[in-house]
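Engineer: Return atomic coordinates for the entry below.
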Amino acid sequence: MRKRFHIGRWILILTVIWLGDLLGQPASAAESEVFSNPAVTARLISAEDGIAPDAASISLGLALEFGEGWKGYWRTPGEVGLAPALDWAGSSNLSSVDILWPAPERYEAFGIENFGYANEVVLPIRATLETAGEALDLRARVSLLTCSDVCVPHDFALSLALPEGVGIDTGSADLIARFVDRVPLGPEDSDIQISSAAVDDQASALTVTAQSTHAFRDVDVFPEFGPLVTFGKPDIRLNQGRTEVWAQIPINAWSEEHPAPLITITDMARAVTSPVLLIAEAPAPPYVIVGAQAGLLKLIAVAGIAFLGGLILNVMPCVLPVLSIKLASVLKTSGQSRDITRKGFLVSAFGVLTFIWGLAAVLLALQWVGVSIGWGMQFQNPIFVSLMFVVIAIFAANLFGAFEIALPQAVQDRLGAGSTGPGYAADFGTGFLAAVLATPCSAPFLGTAITFALAGTPLNVAVIFTALGLGLALPYLVIAARPEWVHLLPRPGRWMLFVRAGLGCLLLATAVWLLFVLVGVAGALAAAAVFAATAALVLGASVQWPKPMLRRVFLTISFLGAVLSAGLIASPEPPDATANAPSHWQAFEVQNIARHVSEGRVVFVDVTADWCLTCKANKSLVLDRSPVLDRLRDGTVIAMQADWTRPDDTISRFLERHNRYGIPFNIVFGPGAPSGMALSEVLTPASVLNALDTASTRSIAAE
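Structural biologist: Here you go, the predicted structure:
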């Protein structure tokens, strides 16, 4: 099926044309009956009218003409699809059949890469006879898939009888020869030489390099690793002389069990197919693409969107409990001077910006080394979640009066507080913690800004993340600008005890949520260990120890135990995301989306995580309530849930393909939206239902 015919095929073509010229005029070539519908017209054609004496083989072709907007598939269809198949059972005097496959074109359907043909194609066929010179009776059962807005399978029979005799049709011979000329050459006959192919350690990308004696013009790369390995759209780069090509193709599905890989490279009217041996290290590209710098006005506009997104984060449930810490400190030190109050809030704002800048730097570094990145991804780390639980639990216990948090006087003096205030370390920590807890939330406008930043240059990242940090720090900056507003609070009294207890309850609720997240990312055993160590830490801090040294040792051990427990006891396998999900949710299987859409179904994808509070709000307020819930259950919608609580390369690549770097992410696929229709971060019933209605609308071509 994958054999290549080189010198022999040219002899065949020239012989066919020469015989036609010798006979003086074209004969009426034998061909099969025609199968036809609006999607495809198919027939078997033959360059010979009969079997010449002593002929051991003949040249045939499966001629396919596709309707407007329809296409068929190559021998390797891409991410989804079905290659044409011919069954020759029932034929007589037929020994073997070899199909030549003209070079394919790349198509995108349902947001997925496919390889195939449009308009017209002839699959050249070399038929070898059992007995040379005798009549041939062909019976072919053809199965193929055509796709437009929908995909339609076809199964039909074609027959062709060739008696003994001599006769050539130059029209059929020319047609077959034209598509034989499009079949990729082997490496020994081509001026394109594939030099290397490498799969990275994470099996996330295939890198291919090749050289040519002639300059490349419109190059494409088609890898074939068997049906279980699929690839996305390649990133193709050329050197200055356009004689070297470097291509990196994302791997969307991988299996260690695959046949010997083949790489096909096409370039206008030439193509080559070659087997390759995978090497260990991917070669560097011949040059580096410099990200396009966004226009100044666009950058300013997106920075404004990021500022609004950061401002809205302050009223999200992630950040409100931390603002309570700052409010509690203001109540406690209401007698501070105007200058100290201003400096305290400015330091809190700086704490916000410090984390945001640090996060931007880390994301850029991870992006540079090729790691999939996303907003809030640190909450996939059990050590980080454990640390956040310990910190929030300690703050909650402090507000309930279990103990007081105070730095040594020498440290306070170094921080600039002297003897008149508590120092600025707590102020900085408050802002820093607010920014940390803001990252599991996706406020309106935030997804747009983060996507623009991470898809652009480092300058874009710096500007957008700074604007985001300023929006998040705005409440602190406002009070810093008007510190006298603090004095508008009532004078200290017993009411402060009730306020302090209420703020403590907010923090306690946050700690419970973090413990729930820890169960998702590390397992119940790890979460129980962290809870026990944290409880010991809080209890030890609240007890009056006879010797301070013993108290310090106990607290240090408890703290380290609480932070490290999740990493040491974390379950090696993530829990089944759909085990406890309602029955209408299916597991996320990106490779099945196109199949469902081709059957006229609508697919609703919900990318969520235990640590994403906005995701939880969307579920409780929209997805788990009528009328959206009724629509997801009515049988017309395939509801897929992708759980990103733990790192998952498949989900990360799915987000990147749709230019998203954070969650929640909801997208609807259907006959009316084959490439997907992305929804806003904050869902409404109307937006979901409208998207489902739009995606379900399609124009069906009758067969």
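
Engineer: now residue 612: how far from residue 654?
Structural biologist: 16 Å (C-beta to C-beta, to the nearest Å). Placement of C-beta: from N, CA and C, glycine included.

Engineer: Residue 188 belongs to a strand, doesn't it?
Structural biologist: No: residue state for residue 188 (DSSP: H, G, I helix; E, B strand; the rest coil) corresponds to coil; a strand is not indicated.

Engineer: Mind pulling up the pLDDT for it?
Structural biologist: Reported pLDDT at residue 188 in the predicted model: 91.

Engineer: Count the residues that sit near it.
Structural biologist: Applying other C-beta atoms under 10 Å, we find 10 residues neighbouring residue 188.

Engineer: on that earlier part again, who has more neighbours out of residue 612 and residue 654?
Structural biologist: Under the neighbour definition other C-beta under 10 Å, residue 612 and residue 654 were set side by side, and residue 612 has more, 28 against 22.

Engineer: can I assume the more buried one is in contact with residue 664?
Structural biologist: Yes: applying C-beta atoms under 8 Å, one finds residue 612 in contact with residue 664, separated by 6.0 Å.

Engineer: Where is the longest helix in this protein?
Structural biologist: Identified as the longest helix of the chain according to DSSP state H is helix 338-368.

Engineer: Can you name every helix or strand that the very next helix or strand once past that helix contacts?
Structural biologist: Using DSSP states H and E, the helix or strand that directly follows helix 338-368 along the chain is helix 382-399. The helices and strands touching helix 382-399, judged by 3 or more C-beta pairs under 8 Å, 6 or more residues apart in numbering; DSSP states H and E, are helix 320-332, helix 425-438, helix 495-522, helix 524-542, helix 548-569.

Engineer: run the last query once more with 7 Å
Structural biologist: Counting by 3 or more C-beta pairs under 7 Å, 6 or more residues apart in numbering; DSSP states H and E, the packing neighbours recorded for helix 382-399 are helix 495-522, helix 524-542, helix 548-569.

Engineer: Please compute how far the longest helix of the chain lies from its chain's middle.
Structural biologist: Between the centre of helix 338-368 and the centre of its host chain there is 30 Å, according to C-alpha atoms, centre = their mean, to the nearest Å.

Engineer: angle of that helix against helix 425-438?
Structural biologist: In terms of direction (axes from the mean of the first three to the mean of the last three C-alpha atoms, to 10 degrees), helix 338-368 departs from helix 425-438 by 40 degrees.

Engineer: Quick one: list the elements packing against helix 338-368.
Structural biologist: Partner elements for helix 338-368 (3+ C-beta pairs under 7 Å, 6+ apart): helix 425-438, helix 458-481.

Engineer: mean pLDDT lowest for which of the helices and strands packed on helix 382-399?
Structural biologist: If the helices and strands packed on helix 382-399 are sorted by mean pLDDT, helix 548-569 sits at the bottom with a mean of 58.

Engineer: next helix or strand past that one?
Structural biologist: Sequence-wise, the next helix or strand beyond helix 548-569 is strand 585-587, with elements assigned using DSSP H and E.

Engineer: Contacts for that next one next, please.
Structural biologist: The list of residues contacting strand 585-587 from outside it, by C-beta atoms under 7 Å, 6 or more residues apart in numbering, reads 578, 638-641.

Engineer: buried subset of the residues you listed?
Structural biologist: If you count burial by 16 or more other C-beta atoms under 10 Å, the buried members of the contacts of strand 585-587 come out as 638-641.

Engineer: Contact partners for residue 243?
Structural biologist: Contacts of residue 243 were listed using C-beta under 7 Å, 6+ apart, and they are 211-212, 215.

Engineer: could I get the residues you listed as JSON lines with neighbour count, distance to residue 659 and pLDDT?
Structural biologist: Shown next, in JSON lines, are those (neighbours: other C-beta atoms under 10 Å; distance: C-beta to C-beta, whole Å; pLDDT from 0 to 100):
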{"residue": "211", "neighbour count": "14", "distance to residue 659": "33", "pLDDT": "92"}
{"residue": "212", "neighbour count": "21", "distance to residue 659": "33", "pLDDT": "92"}
{"residue": "215", "neighbour count": "10", "distance to residue 659": "32", "pLDDT": "90"}
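
Engineer: just those residues now: which is nearest residue 525?
Structural biologist: The nearest member of the contacts of residue 243 to residue 525, counting by C-beta to C-beta, is residue 211 at 55.2 Å.

Engineer: The closest one reaches residue 194, doesn't it?
Structural biologist: No: the criterion here is C-beta atoms under 7 Å, and residue 211 misses it with residue 194 at 8.6 Å.

Engineer: Same question for residue 284, what's its three-state structure.
Structural biologist: Using three-state DSSP, the secondary structure recorded for residue 284 is coil.

Engineer: Make 830 the starting number, not 1.
Structural biologist: Yep, numbering from 830; the last one is residue 1113 now.

Engineer: what's around it, how many residues?
Structural biologist: Other residues near residue 1113 come to 10 when the count uses other C-beta under 10 Å.

Engineer: what's the answer for residue 1097, then?
Structural biologist: Neighbourhood size, residue 1097 [other C-beta under 10 Å]: 9.

Engineer: circling back to that earlier point, between the helices and strands packed on helix 1167-1197, which one is closest to residue 864.
Structural biologist: Nearest of those to residue 864, taken as C-beta to C-beta: helix 1287-1310 at 54.1 Å.

Engineer: now the angle between helix 1254-1267 and the closest one, please.
Structural biologist: Computed with the same axes, to 10 degrees, the direction of helix 1287-1310 lies at 130 degrees from that of helix 1254-1267.

Engineer: Quick one: mean pLDDT for helix 1287-1310?
Structural biologist: Looking at helix 1287-1310 alone, the average pLDDT works out to 83.

Engineer: Off-centre distance for it?
Structural biologist: Distance, centroid of helix 1287-1310 to centroid of chain: 29 Å (C-alpha atoms, centre = their mean).

Engineer: For it, enumerate the helices and strands it packs against.
Structural biologist: Helix 1287-1310 sits against helix 1125-1142, helix 1167-1197, helix 1254-1267, helix 1275-1283, with contacts defined as 3+ C-beta pairs under 7 Å, 6+ apart.

Engineer: one step back: now for the buried ones among the contacts of strand 1414-1416: which two are most distant?
Structural biologist: Taking C-beta to C-beta as the measure, the buried ones among the contacts of strand 1414-1416 have their most distant pair in 1467 and 1470, spaced 10.9 Å apart.

Engineer: Residue 982: how many residues sit nearby?
Structural biologist: Close neighbours of residue 982, defined as other C-beta under 10 Å, add up to 11.
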